[in-house]
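Novice: Sequence and predicted structure below; questions after.
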There are 2 protein chains.
Amino acid sequence: MIPVIVVHGGAGHISEERVELSRQGVREAVLHGYRILQRGGTALDAVEEAVVQMENNPVFNAGRGSVLNELGDIEMDAIIMDGKTLNSGAVSAVRRIANPIKLSRLVMEKTNHVCLTGHGASRFAKAMGIPEVPEEFLKTDYSRMRWKKNLPPGSNPVQCQMGKMGTVGAVAIDAEGNVASATSTGGRLNKMVGRVGDTACVGCGAYADNYVGAASPTGCGEEIMKVTLCRLILFHMEQGKSPKEASDIALAYMFERVQGFGGVVVLDKTGDWAARFNSKQMSWAAAKDDQLYNGLYKDELLSMPISKT
Amino acid sequence: MIPVIVVHGGAGHISEERVELSRQGVREAVLHGYRILQRGGTALDAVEEAVVQMENNPVFNAGRGSVLNELGDIEMDAIIMDGKTLNSGAVSAVRRIANPIKLSRLVMEKTNHVCLTGHGASRFAKAMGIPEVPEEFLKTDYSRMRWKKNLPPGSNPVQCQMGKMGTVGAVAIDAEGNVASATSTGGRLNKMVGRVGDTACVGCGAYADNYVGAASPTGCGEEIMKVTLCRLILFHMEQGKSPKEASDIALAYMFERVQGFGGVVVLDKTGDWAARFNSKQMSWAAAKDDQLYNGLYKDELLSMPISKT
């Protein structure tokens, strides 16, 4: 199997001044993951590393750079899924850690549970030796500005966020044919305390099955949940659709049925892949066969040999 | 449409002395829900009321009677889903309230979110005027006994719980043809603090779609999540399978793929229904066309006119 990895840095409307930063961020993330695959590493390690890169990058709404909730705090959701075993690990509404995706991986591998939330997730992080980071480390001037802008009564954080739904995610297939999916987010701008979105929910915020493929979404979390977007895409692939066809059918359904916007990165068990969205933009990158692919606007597909990056 | 409601009081191995209490509990719950449907009430109201009855009944692992976590506390998950809009509401790891299913309904109807967790759910409950109940009110001698029994190193709460997975749930279709699903649970015996199971996860712990039907599960939560059990059953129904066939296919798949045990109550948009399980027992009851149906052992089907209950 030729290894493949595809990542996204969020769907929506990316403002002019952030377009280049976003492009650069997904390219760096996908290359980090791809190097792991090239060295014979696992799909799980590759998607985790790609997501860690984007959590560490303040341009994206995950880890450092996450949006703030109604009280001005950061609560993050993340999930990782292993297509070989169907095991997954997730954390929801977790605070004061740098890399929720790493904690999700530990939930999957070190507990017999699938999801830990809030103070239970923090308690587990402490037991695993993961250092707490100050809340201020995770905040950026940009996230503080957007929070304040949406505080006054009459402001519309949902509409505002349509601009910048910067959830991050990755799917990969490794040389052994194992697929994996990972997603991480700060959630919705000015969300209620304790709000959990699609990301922490298996089948919505991620799905991976070696017999079919893997998917990671971004967009309106509540609408993604209504249609269990990732599982829906895999069902269409089980019925013979390509990653592109399955993604387009599922995104069109999500729009028609519940007026949802978003995007996905998807691959199947043969390594065929797609990055699709029905929002204005989605920042994405893919690496396969020593080629780097990348796009942000509708129907945009840039490519170059990885050796030249 | 002839209204129908089906409820379960948990799958597993129900001990002799609790068999009659469990039978009685599901029959009472289903009749409460059915009366709402007979008066022209909605499927949502019916499933909520049936689940409230079982949350209030200390025989079941939901609301009062919930299992305790590793620290001896009660943290509950619940979900409700509306097949008309695909809206759902859920709470996870919520403490010190009597009826998590009522809070889930409020999340669905009074917020623009799908799920609230932990302290955020408590904060919302307070804002909605839901009284806090003492932790001791939710605990029973039985739940304390089982918690203590599984504290010593070397004990096996997972194995122990295989006996008593008393999650509760309901599905219904009303006179307008709207379907709904609701599920509520104390989760897994001696679980880690903050553990969230299938119940709070759309597609796993419930799914409802007017174009297809509705499902509510019980059993090994982590395995239910691996296969997104409820959404899987609805996919099979979309492809022409009856509720019984779809349930049996999905439960067999869950066992083969991830060695999961459990059960489901399911109905389709025509009012055809099923209560199926691959565990030793599942306590269930159904009401349709003025008949009350009820079972607990494999292939057991008792029925009587509701007028005679």
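Specialist: Received it, and whenever you're ready, just let me know what you need.
Novice: Look at A:Lys102 and say how many residues are nearby.
Specialist: 23 (other CB atoms under 10 Å in any protein chain shown). From N, CA and C alone the C-beta is placed, and that goes for glycine too.
Novice: from the chain's centre, how far out does whatever helix or strand it lives in sit?
Specialist: Here A:Lys102 sits within helix A:100-110, counting by DSSP states H and E. Taking the mean of its C-alpha atoms, helix A:100-110 sits 15 Å from the chain's own mean (CA atoms, centre = their mean, to the nearest Å).
Novice: Kindly report the same for stretch A:105-122.
Specialist: The answer for stretch A:105-122 is 18 Å, by CA atoms, centre = their mean.
Novice: For the helix holding A:Lys102, which outside residues touch it?
Specialist: Residues outside helix A:100-110 that contact it (CB atoms under 8 Å, 6 or more residues apart in numbering or on different chains): A:44, A:48, A:51-52, A:55, A:62-63, A:76-80, A:82, A:87-91, A:94, A:97, A:113-116, A:121, A:124-125, A:128, A:130, A:182, A:184.
Novice: And A:Val114, how far from A:Ser66?
Specialist: Distance of A:Val114 to A:Ser66, computed by CB to CB, to the nearest Å: 22 Å.
Novice: same deal with A:Lys149?
Specialist: A:Lys149 is 16 Å from A:Ser66, by CB to CB.
Novice: Out of those two, name the residue with the larger neighbour count.
Specialist: Counted by other CB under 10 Å, A:Lys149 and A:Ser66 do not tie: A:Ser66 has more neighbours, with 27 against 13.
Novice: Can you tell me the closest non-neighbouring residue to the more buried one?
Specialist: A:Gly186 (2.5 Å; CB to CB, 6 or more residues apart in numbering or on different chains).
Novice: Run a quick check on that neighbour versus A:Asp73, I expect a contact.
Specialist: No - taking contacts as CB atoms under 8 Å, A:Gly186 lies outside contact range of A:Asp73: 10.5 Å.
Novice: between those two, who's got more neighbours?
Specialist: The neighbour comparison of A:Gly186 against A:Asp73 (other CB under 10 Å) goes to A:Gly186, with 29 against 16.
Novice: Show the contacting residues for the more buried one.
Specialist: A:61-63, A:65-68, A:74-76, A:143.
Novice: Swap in 6 Å and give it another go.
Specialist: Applying CB atoms under 6 Å, 6 or more residues apart in numbering or on different chains, one finds that A:Gly186 lies in contact with A:61-62, A:66-67, A:76.
Novice: What's the local residue count around the residue of the stretch 151-300 of chain A found nearest chain B?
Specialist: Taking CB to the nearest CB, chain B has its nearest neighbour within the stretch 151-300 of chain A at A:Gly194, 1.3 Å off. Neighbour count of A:Gly194, defined by other CB under 10 Å: 27.
Novice: Setting aside sequence neighbours, what's the nearest residue to it?
Specialist: Spatial nearest neighbour of A:Gly194, chain neighbours left out: B:Gly120 (1.3 Å); criterion: CB to CB, 6+ apart.
Novice: Can you classify the one you found by secondary structure?
Specialist: helix (DSSP: H, G, I helix; E, B strand; the rest coil).
Novice: strand partners of the helix or strand harbouring A:Ser181, parallel vs antiparallel please.
Specialist: In this assignment (DSSP H and E), A:Ser181 forms part of strand A:179-185. Here strand A:179-185 is paired, per DSSP bridges, with strand A:76-82 (antiparallel), strand A:168-173 (antiparallel).
Novice: Which of these sits closest to B:Ala285?
Specialist: For the strands paired with strand A:179-185, the distance to B:Ala285 is smallest for strand A:76-82, at 35.5 Å, taking CB to CB.
Novice: What are the buried residues along stretch A:104-112?
Specialist: The neighbour-count criterion (16 or more other CB atoms under 10 Å in any protein chain shown) identifies A:104-108, A:111 as the buried residues of stretch A:104-112.
Novice: After the lengthiest helix in chain A, which helix or strand is next?
Specialist: Using DSSP state H, we find that the single longest helix of chain A is helix A:16-38. Next along the chain after helix A:16-38, taking DSSP H and E as the criterion, comes helix A:43-56.
Novice: So which elements touch that following helix?
Specialist: Helix A:43-56 sits against strand A:4-12, helix A:16-38, helix A:100-110, strand A:168-173, strand A:179-185, with contacts defined as 3 or more CB pairs under 6 Å, 6 or more residues apart in numbering or on different chains; DSSP states H and E.
Novice: circling back to that earlier point, measure how buried the residue nearest to A:Gly194 is and give me the count.
Specialist: With neighbours defined by other CB under 10 Å, the count for B:Gly120 comes to 28.
Novice: Distance check, it against B:Pro3.
Specialist: Counting by CB to CB, the gap from B:Gly120 to B:Pro3 is 35 Å.
Novice: What of A:Asp299?
Specialist: Relative to B:Pro3, and taking CB to CB, A:Asp299 is found at 49 Å.
Novice: quick one: which of those two has more around it?
Specialist: Neighbour count, other CB under 10 Å: between A:Asp299 and B:Pro3, B:Pro3 has more, with 25 against 5.
Novice: Specify the beta-bridge partners of the residue nearest the centre of chain A.
Specialist: Closest to where the C-alpha atoms of chain A average out (CA atoms, centre = their mean) is A:Gly169, at 2.3 Å. A:Gly169 has these beta-bridge partners by DSSP bridges: A:His8, A:Thr183.
Novice: and it, what does it touch?
Specialist: Contacts of A:Gly169 by CB under 6 Å, 6+ apart are A:8, A:183, A:216.
Novice: These into a markdown table, with extra columns for neighbour count and pLDDT?
Specialist: Output for those, formatted as a markdown table (neighbours: other CB atoms under 10 Å in any protein chain shown; pLDDT from 0 to 100):
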| residue | neighbour count | pLDDT |
| --- | --- | --- |
| A:His8 | 33 | 98 |
| A:Thr183 | 34 | 98 |
| A:Ser216 | 35 | 98 |
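Novice: tell me the contacts of A:Gly25?
Specialist: A:9, A:57, A:59.
Novice: Considering the residues you listed, which member attains the minimum pLDDT?
Specialist: Looking at those by pLDDT, the weakest one is A:Val59, with 93.
Novice: Within range of chain B, give me the residues from chain A.
Specialist: Proximity of chain A to chain B (CB under 6 Å from any CB of the partner chain) is limited to residues A:86, A:92-93, A:113-118, A:120-121, A:123, A:192-196, A:201-203, A:222, A:225-226, A:228, A:231, A:235, A:258.
Novice: So which of those residues belong to strands?
Specialist: Judged by DSSP state E, the residues of chain A next to chain B include A:92-93, A:115-117, A:195-196 as members of strands.
Novice: ok, those vs A:Glu176, which is closest?
Specialist: Distances from A:Glu176 to those, taken by CB to CB, are shortest for A:Cys115, at 26.6 Å.
Novice: Am I right that A:Gly295 is in a strand?
Specialist: Yes - A:Gly295 sits within a strand when classified using three-state DSSP.
Novice: Verify the stated contact: it with A:Ala286.
Specialist: No - counting by CB atoms under 6 Å, A:Gly295 does not reach A:Ala286; the two are 8.9 Å apart.
Novice: Look at the two and report which has more neighbours.
Specialist: Regarding A:Gly295 and A:Ala286, a neighbour count based on other CB under 10 Å identifies A:Ala286 as having more, with 27 against 20.
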